[in-house]
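Asker: Pasting the sequence and the predicted coordinates here, then a few questions.
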Amino acid sequence: MVIAATGPARPGRAASRAFATSAGHSARMRSSLTPLGPPVSRNRIITSFPKWYTPDACLQLKEHFHGQVSATCQRRNTGTVGLRLSKVVVVGDLYVGKTSLIHRFCKNVFDRDYKATIGVDFEIERFEIAGVPYSLQIWDTAGQEKFKCIASAYYRGAQVIITAFDLTDVQTLEHTRQWLEDALRENEPDSCFVFLVGTKKDLLSGAACEQAEVEAVRLANEMQAEYWSVSAKTGENVKAFFSRVAALAFEQSVLQDLERRNSARLQVGDGDLIRMEGSPPETQESTTSSSLGCC
Ligand SMILES: Nc1nc2c(ncn2[C@@H]2O[C@H](COP(=O)(O)OP(=O)(O)OP(=O)(O)O)[C@@H](O)[C@H]2O)c(=O)[nH]1
Ligand SMILES: [Mg+2]
């Protein structure tokens, strides 16, 4: 794999693409990440905990950040979290609208024409959550069977797995179980937040959507996933959904960071590092490379 760097597509966001060829299984990737770049755009600022889509299938019912997280953020004592990326992997059948969903959120565009994803792509989206900078690295994978082995190589290290299906095609919902199983296999047990997302909401009437959601919510509960219905075409629920993803991933990162620091008995005074006991230097925060994958 050859990796080449380019500049960000617009302030506050970096875009990258990995190409893979079935012949050589080679990939080329362009990437750029400046964690301390320009301020994040206003619509990426999250101050209160974003709400679920339906209480019948949600990962957390609470409406506020964890008390410890709020206090840590207020003190600006979030360790390396502000410099960290959480990896989000989007999987699901071909044509369900994975790329469209990501492009609606990251670029605010919608393309009626289908262009199959070949291998994988990724976008980096920067947020400010409870005053702390935070980024999601959103991986878009190919749904076509012939690219599956290439895409699955990128499942590892996911903090969030989004399994997408088309609300107008029940078969794609049935396949989400297998997509999730494949993605989970590459990750540590219980290390990922799972979302089940029904796409193309605009193509259904309200009643038809509600009907499709009954089965989806049932499956989401089985998968221990949070359920959302969205439309990349109209943009309905897209920002709310990714805000929820970002907030849950952020909160988990802060809590994990606190736990790590506590277990290392790191002593901090007035925001500055003073002294660390009981842990050799190489165990501190697991080094920079682990910051690219949180699980
Ligand atoms: N009406 C409507 N069409 C959509 C929506 N989202 C995606 N589409 C259309 O569905 C088709 C497939 O969308 P993609 O986003 O390319 O699907 P994909 O899941 O990325 O497909 P692969 O890359 O092959 O896995 C395209 O023609 C899109 O325009 C939506 O919310 N509403
Ligand atoms: Mg695609």
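Answerer: Received the coordinates, thanks. Ligands and ions are numbered 1, 2, ... in the order given.
Asker: use CA for all of it now, contacts and neighbours both
Answerer: Will do.
Asker: Quick check: phi and psi on Phe122?
Answerer: phi -150, psi 150 (degrees, to the nearest 10).
Asker: Could you give the number of residues near the closest residue to it other than its chain neighbours?
Answerer: In this structure, Phe122 finds its nearest non-sequential neighbour in Trp139, 4.3 Å apart by Cα to Cα, 6 or more residues apart in numbering. Counted with other Cα atoms under 10 Å, residues neighbouring Trp139 total 28.
Asker: where does Lys233 land on pLDDT?
Answerer: The predicted local distance difference test score for Lys233 is 98.
Asker: Correction: the previous question concerned Gln171.
Answerer: Listed pLDDT for Gln171 reads 98.
Asker: State whether it is indeed within a helix.
Answerer: Yes - counting by DSSP: H, G, I helix; E, B strand; the rest coil, Gln171 is located in a helix.
Asker: Report the contact partners of Trp139.
Answerer: By Cα atoms under 8 Å, 6 or more residues apart in numbering, the contact list for Trp139 reads 87-90, 120-123.
Asker: helix or strand for it, which one?
Answerer: strand 132-141 (DSSP states H and E).
Asker: Name the next helix or strand downstream of that strand, please.
Answerer: helix 148-151.
Asker: quick one: is that next one near ligand 2?
Answerer: No - judged by Cα under 5 Å from the ion, helix 148-151 stays clear of ligand 2, getting no closer than 11.2 Å.
Asker: That helix near ligand 1 at all?
Answerer: No - counting by Cα under 6 Å from any ligand atom, ligand 1 is not contacted by helix 148-151; separation bottoms out at 9.6 Å.
Asker: Going forward, the N-terminal residue is numbered 40.
Answerer: Got it, first residue is 40 now, which makes that one helix 187-190.
Asker: helices or strands up against that helix?
Answerer: Here helix 187-190 touches no other helix or strand, going by 3 or more Cα pairs under 8 Å, 6 or more residues apart in numbering; DSSP states H and E.
Asker: buried set for it?
Answerer: Using 16 or more other Cα atoms under 10 Å as the test for burial, helix 187-190 gives 187, 189-190.
Asker: Could I get the phi/psi values of Cys145?
Answerer: Main-chain torsions, Cys145, degrees, to the nearest 10: phi -80, psi -30.
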